[in-house]
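Asker: here is a sequence with its predicted model. Questions after.
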Amino acid sequence: MAYKLISLDKIPSTQNYAQDLIARGGGADHIAIVAKVQTAGRGRYRRNWVSPSGNLYASFIFKSGDRNPLLSYSVAVAIAETILSFGVVPTIKWPNDILIDGKKVSGTLIEYAGDFVVIGIGINIKSNPRNLNYETARLNKYTKTTSDEVLARLMKSLDIWMKRDFAQVRERWLDMSAHIDKQVIYRGKAAEFMGLNDDGAMILRNGSEYFFVFGDELS
């Protein structure tokens, strides 16, 4: 299905623009809102997303029924496959941050509004912030491309992976996982990341104890 593209020079947030569009009755399936610059970009937990010119800042509106806790995996794989298509090998950090050489290159924010889901995606292409409490990467350090080319491939990849069943998505997500079979820190305690169950929960192991985790964050 073709996307309706709304391309803007400078706005506070593509995510807010999408939410406002839906609130005004303008929501529809397959709308892509893209901005060259955001002045108030935001990520998960309302964290600021640094948004200078040259990177990709996009929010996608899709028709949606109930909230889908598995959607973040499909989106993560779609972004990772997009980056891989440029010959750059990424990994996925729970649940949907994309890393290159262990450094964050992309983040995702998924929000629901009425009958729609809004998927906000930021990908560092020409620049990456350096004043954060984690390391970041930019795509153009590894390959030369533009935000338009990344967007075109990303839209195709989203259409592919959002239609796949979870078994396929989970297999690919685990192939690209930065955590699988490694020690992680969850709520201040060390555990081993064993995989995902059928409901999308993390499977963590601490000694002989296994437990399942939804949401939250790992380090």
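Answerer: Arrived safely, thanks for sending.

Asker: now the helices for this structure?
Answerer: 14-23, 71-84, 147-161, 166-176 (DSSP state H).

Asker: identify whichever of these lies nearest to residue 63.
Answerer: Checking these against residue 63 by Cβ to Cβ gives helix 14-23 as the closest, at 11.0 Å. C-beta: built from backbone N, CA, C; applies to glycine.

Asker: ranking the helices of the chain by burial, who's on top?
Answerer: Mean neighbour count (mean count of other Cβ atoms under 10 Å) peaks for helix 71-84 among these, with a mean of 24.

Asker: beta partners of residue 119?
Answerer: residue 60, residue 110 (DSSP bridges).

Asker: quick check, pLDDT for it.
Answerer: Residue 119 is assigned a pLDDT of 97 by the prediction.

Asker: how close does it get to residue 53?
Answerer: 22 Å (Cβ to Cβ, to the nearest Å).

Asker: between those two, which is the more surrounded one?
Answerer: Using other Cβ atoms under 10 Å as the criterion, residue 119 and residue 53 rank with residue 119 on top: 25 against 14.

Asker: pretty sure the more buried one is touching residue 64, no?
Answerer: No. Residue 119 lies out of contact with residue 64 (Cβ atoms under 8 Å); the separation is 9.8 Å.

Asker: tally up the residues packed near residue 69, please.
Answerer: Neighbours of residue 69 using other Cβ under 10 Å come to 14.

Asker: where does the closest residue to it other than its chain neighbours fall, phi/psi-wise?
Answerer: Distances taken as Cβ to Cβ, 6 or more residues apart in numbering put residue 200 closest to residue 69, at 5.3 Å, once the chain neighbours are dropped. Main-chain dihedrals, residue 200, degrees, to the nearest 10: phi 90, psi 10.

Asker: burial count for residue 200?
Answerer: 20.

Asker: check residue 121 too.
Answerer: 27.

Asker: what's the answer for residue 144, then?
Answerer: Residue 144: 11 surrounding residues under other Cβ under 10 Å.

Asker: for it, report the pLDDT, please.
Answerer: Model confidence at residue 144 (pLDDT) stands at 94.

Asker: residue 175 too?
Answerer: 96.

Asker: against residue 70, how distant is it?
Answerer: Counting by Cβ to Cβ, the gap from residue 175 to residue 70 is 17 Å.

Asker: can you check residue 100 too?
Answerer: To residue 70, residue 100 is 25 Å away according to Cβ to Cβ.
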